[in-house]
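Visitor: sequence and predicted structure below; questions after.
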Amino acid sequence: MKRVAQLQSGALRRTGGWAWGSRWPQRLRLLPLFLATWAADRIAPWVRAPRARARHQQWQPGVTVIIPERDAPDLLQEALAALSASLSQLAEPIQVIVVANGAPRSAYAALEARYPAVDFVHSALPLGFAAAIKRGLARARHDWVLLLNNDMKIAEGAIAALCELRAPDVFAIGAQIFQRSASGRREETGFTDWYVDGNGVHLFHAPPDNTAAVPQLCASGGAALFRTKPLQHYLAASRAYDPFYWEDAEWSVRAWRDGWRVLFAPDAHAIHRHRATTSRFYEPAELERIVERNRLLFDARHGVTPEPRAALMNRICDLPYSSQRELARMSVAIGVFRQRAESRRDPQPIPPPVLWNRNRAFSTLSAASYSYHLRTTAASARPKLLVVTPFAVFPARHGGARRVAELLNALRRDHDIILVSDEAGLYDARSFASFSGLCDIRLVQREDAGNAGASSTVDARMRDHRHDELQRAVARAIADHHPTLVQIEYAELAGLVRMRTAEQRWILGLHDACGPGDFSTQDAFGRFERQTLAAYDAVTVCSDEDAALVRHGNVVRVPNGSAIPLGAYTPSTSLQLLFIGPFRYGPNLAGIFEFLKAAYPAIRAAVPAVALLILGGDEGVAIATSEPAFSAPGVRVVGHRDDVPSLLAASALTINPLRGIRGSAVKLVESLTAGRVCVSTEDGARGFGGAGLSGLVTVRDAAAMAEPIVRLLNDATKRHLREAPIAERLRAFEWENSADLQRRLYASLLRAPSPSSALAHVE
């Protein structure tokens, strides 16, 4: 048996597989799929582009609408009613086809009577998405077909807006879709893009920030207008994704390679009830299994992820057994070979940006995708600013990241910004909306990222965070861009100053000021001050209290601010308390735990209807389930949310029970700007206590918070008097004001003489 294993292993190596999978039965089962990817990659360089198909032609007026429908006549009724109103504004021949499947014909008798012009195609057996579309296309009479989910309500004027964008070289035009997830994030927009990370290719809906039609990766099969004949051509091969999901990505990617364009129409609106049909027939785990299987199948068919084939095969081997069996079919292997062999020919859609790759120390983001465009630094006279962070910035998952993100949003208007960021694995689809306007983005993924922040002293964390991959990324960014300004965020990265050169000005952003007690020894703190801190041209801090702790010749206070606009205040009406504080930051977890023990029982006894909503960040829910204090009546813990302003509006007041912190709390000033009283410990109010902010109530500790909270909950009139924002005092804490302080610092440093004195401290 040992000899057999050696021979099999040798065979795999000779075919370019090396080692993938964990067991030989698994490898043998999936060998056809692997060989299909290997053969396609070998033959791809010799695949010639086919002769131009019969495309880029004019069309006859008329639209066929196809609605796949499975045993949901109530949903279909809403969809047809909205469709009728939208079609009434289109002066072209119309055909509407409903492919009703998985239900008896009698279930649609009332709808057939109400809509006699609609062509109902019935199937007693349930059909997959592509199979249902095929039934409808067989009866389509017009050159354009609108695919519409049965849980999609198309707006008046939307179809006319889609039709206005038809052109000889356009394959598909997608509508703007409105649907939100439970986290408050807009989950669907209809504007699609893609990216690659350590787990392969991902498709996502990007937030549209435009009013004009723009190219996009693919048009959603649930609300988009397609050219009929090309769709029929692409549909057959997409049956590999049965029963649903990723078919529309297949159609559009192939269309881009055939020379077609795919557009997004922001003026064509549709409202979607996400998975309102599929969730009735498939359990959530089964839905996710199918989505993940098809994601990897798409990657295999199109060779999207720039990595060895073995990495893709290992991900497939990690799928549930049922998914592996489905991907082991010979028909799947044949389809993978055909599509993958043609996947490298021109033209191409815009390649997916690579957020991080397991085989590289860092990833340099591509200059553009469908949903973002980086600025070019060529011939630019603006100052070049390199910003280096030890954490993911977009989306901001904690106060430190929020500070950096908001300052970058303002500074990008007058600086050419190069961002080097650790925690590449935390960048995702939510990040892309913040990329435009930056000049270069380099993302690093530390191998031991799971232990980030585990060390208790600053000098130990400095060793952990200033790792080789990050230093290589910073060195390469300096060599490529020659920045005049380098902003290092957090003390953990302060040691990077050893890389500075004479033509640069270096600034250290101390979100939390450091003292002797933060280091392992007094000597370690002394070396930090003499050799590291002194090598910087300037140090920025968040509060006057922090400024008093920093011994440096140029300390500038740049306060934390609020992105919530002043002037939108509405009086509070609920009895909900709100705490915002990702548990990854120890003082947040310790503070809310102390509040639940020392104050919340008394508040609950005095105000039985009180509720406490805790935003604990990505790890919050998992941590809370293991601690009984979080199961108290009225307490709810949720993860990261994108709709914080609406949560503030739904709350009576906020709490900030932190102790022993440095810096200042973004959540506090955002609460006051939103018009919600914040009851805080004196430590938690650091940076804001002397600003005369009426909405801030400070007490000694968490236990002392109970009395003012009960009083404010029971007296709405007094609460409203306190919470109303005083604009002239809060404007000092707008992010634009903070960014202006940063700009002035940069300008003064660029006017200063060569930093020879600072360089003398670098060892």
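Guide: Arrived safely.

Visitor: Ser88: what's it in contact with?
Guide: Glu156 (Cβ atoms under 8 Å, 6 or more residues apart in numbering). For the C-beta atoms, the positions are set from N, CA and C on the backbone; glycine is no exception.

Visitor: next secondary structure element downstream of the helix or strand bottoming out on mean pLDDT in the chain?
Guide: Ranking every helix and strand in the chain by mean pLDDT, DSSP states H and E puts helix 2-14 at the bottom, with a mean of 37. Moving toward the C-terminus from helix 2-14, the next helix or strand (DSSP states H and E) is helix 24-43.

Visitor: what is that following helix packed up against?
Guide: Helix 24-43 sits against helix 2-14, helix 284-302, helix 309-317, helix 321-327, helix 330-342, with contacts defined as 3 or more Cβ pairs under 8 Å, 6 or more residues apart in numbering; DSSP states H and E.

Visitor: which of those comes out lowest on mean pLDDT?
Guide: If you rank the helices and strands packed on helix 24-43 by mean pLDDT, helix 2-14 sits at the bottom with a mean of 37.

Visitor: now the helices: where do they sit in the stretch 651-763 of the chain?
Guide: Here the stretch 651-763 of the chain has its helices, by DSSP state H, counting those that start in this stretch, at 666-673, 706-714, 716-723, 727-730, 735-751, 756-759.

Visitor: what sits up against the third one?
Guide: Think helix 716-723. Outside helix 716-723, the residues that reach it (Cβ under 8 Å, 6+ apart) are 569, 571-573, 652-653, 675-677, 694-695, 697, 711-713.

Visitor: CSV please, covering the helices and strands packed on helix 24-43 and showing mean neighbour count and distance to Ala39.
Guide: Formatted as CSV, the helices and strands packed on helix 24-43 follow (neighbours: other Cβ atoms under 10 Å; distance: least, Cβ to Cβ, whole Å):
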stretch, mean neighbour count, distance to Ala39
helix 2-14, 11, 13
helix 284-302, 19, 13
helix 309-317, 20, 11
helix 321-327, 16, 16
helix 330-342, 19, 6
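
Visitor: right, and those - which one's nearest Ser664?
Guide: Among the helices and strands packed on helix 24-43, the nearest to Ser664 by Cβ to Cβ is helix 284-302 (40.4 Å).

Visitor: helices or strands next to the closest one in the packing?
Guide: Right, helix 284-302 is packed against helix 24-43, strand 200-205, helix 247-257, helix 309-317, helix 321-327, helix 330-342 by 3+ Cβ pairs under 8 Å, 6+ apart.

Visitor: ok, which of the ones you listed comes nearest Ala460?
Guide: The nearest among these, by Cβ to Cβ, is helix 309-317 at 33.3 Å.

Visitor: got the angle between that closest one and strand 200-205?
Guide: 70 degrees (axes from the mean of the first three to the mean of the last three Cα atoms, to 10 degrees).

Visitor: check the contacts of helix 716-723 and tell me the two furthest apart.
Guide: Tyr569 and Arg711 (21.1 Å).

Visitor: more neighbours, these two?
Guide: Each of Tyr569 and Arg711 has its neighbours counted (other Cβ atoms under 10 Å); Tyr569 has more, 18 against 14.

Visitor: now do the SS call for the more buried one.
Guide: coil (DSSP: H, G, I helix; E, B strand; the rest coil).

Visitor: and the contacts of the helix or strand harbouring Arg527?
Guide: Using DSSP H and E, Arg527 sits within helix 522-527. Here helix 522-527 makes contact (Cβ under 8 Å, 6+ apart) with Thr457, Asp459, Cys514, Gly515, Pro516, Asp518, Phe519.

Visitor: what's downstream of it, the next helix or strand?
Guide: Immediately after helix 522-527, counting by DSSP H and E, sits strand 538-541.

Visitor: beyond that next one, next helix or strand please.
Guide: Strand 538-541 is succeeded, C-terminally, by helix 544-547 (DSSP H and E).

Visitor: ok, now which ones touch Ile67?
Guide: Leu76, Ala79, Leu80, Leu83, Val96, Ile97, Val98, Val99, Gly136, Leu148, Asn149, Asn150.

Visitor: can you rerun that using 10 Å?
Guide: 76, 79-80, 83, 96-100, 118, 120, 132, 136, 146-150, 152, 222 (Cβ atoms under 10 Å, 6 or more residues apart in numbering).

Visitor: for it, helix, strand, or coil?
Guide: strand.

Visitor: and the pLDDT at it?
Guide: pLDDT at Ile67 comes out at 97.

Visitor: hey, what's it bridged with?
Guide: Val98 (DSSP bridges).

Visitor: with Leu613 instead?
Guide: With DSSP bridges as the rule, Leu613 is bridged to Leu578, Arg636.

Visitor: now do the contacts for the one residue sitting closest to the centre of the chain.
Guide: Taking Cα atoms, centre = their mean, the centroid of the chain lies closest to Arg430, which sits 1.7 Å from it. The contact partners of Arg430, by Cβ under 10 Å, 6+ apart, come to Arg185, Phe204, Ala206, Pro207, Phe394, Pro395, Ala396, Arg397, His640, Asp642.

Visitor: what about it, which SS state?
Guide: Classified using three-state DSSP, Arg430 is helix.

Visitor: how much space between it and Ala160?
Guide: 32 Å (Cβ to Cβ, to the nearest Å).

Visitor: same check on Ser694?
Guide: 52 Å.

Visitor: repeat for Arg505
Guide: 56 Å.

Visitor: so where is this protein shaky, pLDDT-wise?
Guide: 1-18, 48-56, 180-185, 274-277, 448-455, 754-763 (pLDDT under 70).

Visitor: okay, now the domains of it?
Guide: As assigned by automatic domain parsing, the chain contains the domains 17-45+282-352, 63-280, 362-557, 576-733.

Visitor: save those domains as TSV, and put in distance to Gln742 too.
Guide: Converted to TSV, those look like this (distance: least, Cβ to Cβ, whole Å):
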stretch	distance to Gln742
domain 17-45+282-352	33
domain 63-280	25
domain 362-557	6
domain 576-733	14
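
Visitor: those domains: which one's closest to Ile564?
Guide: With Cβ to Cβ as the yardstick, what comes closest out of the domains of the chain is domain 576-733 (4.5 Å).

Visitor: start and end of that closest one, how far apart?
Guide: 25 Å (Cα to Cα, to the nearest Å).

Visitor: check stretch 197-216 too.
Guide: Termini of stretch 197-216 sit 20 Å apart (Cα to Cα).

Visitor: renumber starting at 56 from here on
Guide: Yep, numbering from 56; the last one is stretch 252-271 now.

Visitor: chain center to that stretch: distance?
Guide: 10 Å (Cα atoms, centre = their mean, to the nearest Å).

Visitor: show me which residues of it are buried.
Guide: For stretch 252-271, burial by neighbour count (16 or more other Cβ atoms under 10 Å) applies to 252-261, 263, 268, 271.
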